[in-house]
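A.B. asks: Fold the following.
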Amino acid sequence: MPRTTPVFFALISALLSLPAEARPPVVAVDIGHTLVAPGATSARGRSEFDFNRDLAREVAAALINRGIAAHLVNDDGQIASLRDRPKAVPEADFFLSIHHDSVSEQELTPWTWQGTPQRFSDTWAGHSLFVSHDNPAPEASLTCASAIGARLQRMGFVPTDKNARRRAWADQANTVHWYDNLVVLYRTTKPAVLFEAGVIKHRDEELLLRDPARQRRMADGIATGVAACLQVMDSAR
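C.D. replies: Modelled structure (predicted):
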């Protein structure tokens, strides 16, 4: 069963009741990893970067549909420097980095997919979110992460507790962790969240994460949470 918390209802109420901005808010949607360093490899051999780009494009589209100016960062897979990514959209009010999760080497099991040796782990599945104490606005970052997590759970997306083994909880109910030394989170000048959409080493979840309809649905939930958070941030100014 999805976990329900008051934060979702409070944020959505704020979204519906507050007036629209004269200037639409700006969100940088960062695509994790690069073509040269594509991140993890899925159970069937697809690169994490490809998963990240597919979902990030859907998130950007969903934000634009809500009147938010969304800008993709690293869409060509060429921005190797993590420090340069927040600089790509200096006017952004919020920075969201899209990733997909994996597991440690010792948790992987060999198998063969379409004649090619691969590795998998069906132990962990689900999404999670990360924020940093070292971000210039850690409280706002946490508010945004909690809003995203709450909305996704209300929609039926199931999070994972996998990362609690190494990362302290920032908001356990909405599966948000502290990860202070992530460059893309602390090198920004505005609130920032890193989103792990799911575990691509999990064979069943990999197929779900590759499904375009599910990507659009998850992106819709992410965009709803971001939009609510931006309204709350604006009201606090």
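A.B. asks: and the longest helix anywhere in the chain, what does it pack onto?
C.D. replies: Among the segments of the chain that qualify as a helix by DSSP state H, the longest is helix 212-235. With contacts defined as 3 or more CB pairs under 8 Å, 6 or more residues apart in numbering; DSSP states H and E, the packing partners of helix 212-235 are helix 6-17, helix 48-65, strand 94-101, helix 138-154. Every C-beta, even on glycine, is put in place using the N, C-alpha and C of the backbone.
A.B. asks: Just say which of these is most tucked in.
C.D. replies: Neighbour counts (mean count of other CB atoms under 10 Å) averaged over each of those peak at strand 94-101, with a mean of 27.
A.B. asks: residues touching residue 226, list them.
C.D. replies: By CB atoms under 8 Å, 6 or more residues apart in numbering, the contact set of residue 226 is 27, 63, 68, 94, 96, 144, 147-148.
A.B. asks: any idea how far it lies from residue 161?
C.D. replies: Applying CB to CB, to the nearest Å, the value for residue 226 to residue 161 is 24 Å.
A.B. asks: and what of residue 77?
C.D. replies: Distance of residue 77 to residue 161, given as CB to CB: 31 Å.
A.B. asks: By mean pLDDT, which helix or strand of the protein comes out lowest?
C.D. replies: helix 6-17 (a mean of 52; mean pLDDT, DSSP states H and E).
A.B. asks: Mind giving me the packing neighbours of the next helix or strand after that helix?
C.D. replies: Downstream of helix 6-17, the first helix or strand assigned by DSSP states H and E is strand 26-31. Using 3+ CB pairs under 8 Å, 6+ apart, the elements in contact with strand 26-31 are helix 48-65, strand 69-73, helix 84-87, strand 94-101.
A.B. asks: Can you name the residues that contact the residue in the chain sticking out farthest from the centre?
C.D. replies: Distance from the C-alpha centroid of the chain, by CA atoms, centre = their mean, peaks at residue 115 (32.5 Å). Neighbour list for residue 115: empty [criterion: CB under 8 Å, 6+ apart].
A.B. asks: The residue lying closest to residue 99 once chain neighbours are set aside: neighbour count?
C.D. replies: Using CB to CB, 6 or more residues apart in numbering and skipping the chain neighbours, the partner closest in space to residue 99 is residue 32 (4.0 Å). By the measure other CB atoms under 10 Å, the count of residues near residue 32 is 27.
A.B. asks: Next, give phi and psi for residue 32.
C.D. replies: Here is the backbone geometry of residue 32 (degrees, to the nearest 10): phi -60, psi 140.
A.B. asks: so who does it touch?
C.D. replies: Listed by CB under 8 Å, 6+ apart, the contact set of residue 32 reads 39, 48-49, 52, 74, 97-100, 194.
A.B. asks: Which single one of these is nearest to residue 89?
C.D. replies: residue 74 (10.9 Å; CB to CB).
A.B. asks: Surely the closest one touches residue 34?
C.D. replies: Yes - using CB atoms under 8 Å, residue 74 is in contact with residue 34, at 6.9 Å.
A.B. asks: Compare these two and say which one has the larger neighbour count.
C.D. replies: Per other CB under 10 Å, whichever of residue 74 and residue 34 has more neighbours is residue 74, with 26 against 17.
A.B. asks: what's the helix or strand for the residue nearest the centre of the chain?
C.D. replies: For the chain, residue 195 is the residue whose C-alpha lies nearest the centre (CA atoms, centre = their mean; 2.0 Å). Assigned by DSSP H and E, residue 195 belongs to strand 192-199.
A.B. asks: helices and strands around that strand, which ones?
C.D. replies: Counting by 3+ CB pairs under 8 Å, 6+ apart, strand 192-199 packs on strand 94-101, strand 128-131, helix 138-154, helix 183-186, helix 203-209.
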